[in-house]
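Asker: when you get a sec, could you give me coordinates for this:
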Amino acid sequence: MINRYFSLVLRVVVCGLCVMPTLVQACPSCKLVDDPIAQGFKWSILFLMAMPYIVFSLVGGGVFFSIKRVKQRSNHESHSDMKGV
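Answerer: Numbers count the residues shown, from 1 in each chain. You can find the predicted model right below:
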């Protein structure tokens, strides 16, 4: 019984969405392709989404290379101590 009602509701919703394609569009600014304000919004969203990844990669890269540099210095110093023995 529930499956029949669920099927009926699902069919009505799908048919309604197919009849009215303006309700299905993702965002209102996507319709305005040549509008400079819409282009500005798109670029600002792109930069806002990319900025955390850029910041974390720069910080992580800095930490990685500083640790690598310290390990290379300690290995170089330990090898120079053994030559004197």
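Asker: so, low pLDDT: which residues of the protein?
Answerer: The model of the chain has pLDDT under 70 over residues 1-2, 17, 19-33, 79-85.
Asker: helices of that one, residue ranges please.
Answerer: For the chain, the helices defined by DSSP state H occupy 2-19, 36-83.
Asker: let's have those in CSV, adding mean neighbour count.
Answerer: Backbone N, C-alpha and C define where each C-beta goes, glycine included. Formatted as CSV, the helices of the chain follow (neighbours: other Cβ atoms under 10 Å):
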stretch, mean neighbour count
helix 2-19, 9
helix 36-83, 10
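Asker: phi first, then psi, for D35.
Answerer: Reported as degrees, to the nearest 10, the phi and psi values for D35 are phi -70, psi 120.
Asker: so how far is F41 from it?
Answerer: From D35 across to F41, the span is 9 Å (Cβ to Cβ, to the nearest Å).
Asker: ditto for V14
Answerer: With Cβ to Cβ as the criterion, V14 and F41 are 31 Å apart.
Asker: got it, and V55?
Answerer: V55 is 22 Å from F41, by Cβ to Cβ.
Asker: do F47 as well
Answerer: Taken as Cβ to Cβ, the span from F47 to F41 is 11 Å.
Asker: do the same with N3
Answerer: Distance check for N3 against F41: by Cβ to Cβ, it reads 43 Å.
Asker: likewise H76?
Answerer: 53 Å.
Asker: ok, now E77?
Answerer: 55 Å.
Asker: and if you look at S7?
Answerer: 40 Å.
Asker: can you check G16 too?
Answerer: In this view, G16 and F41 are 29 Å apart by Cβ to Cβ.
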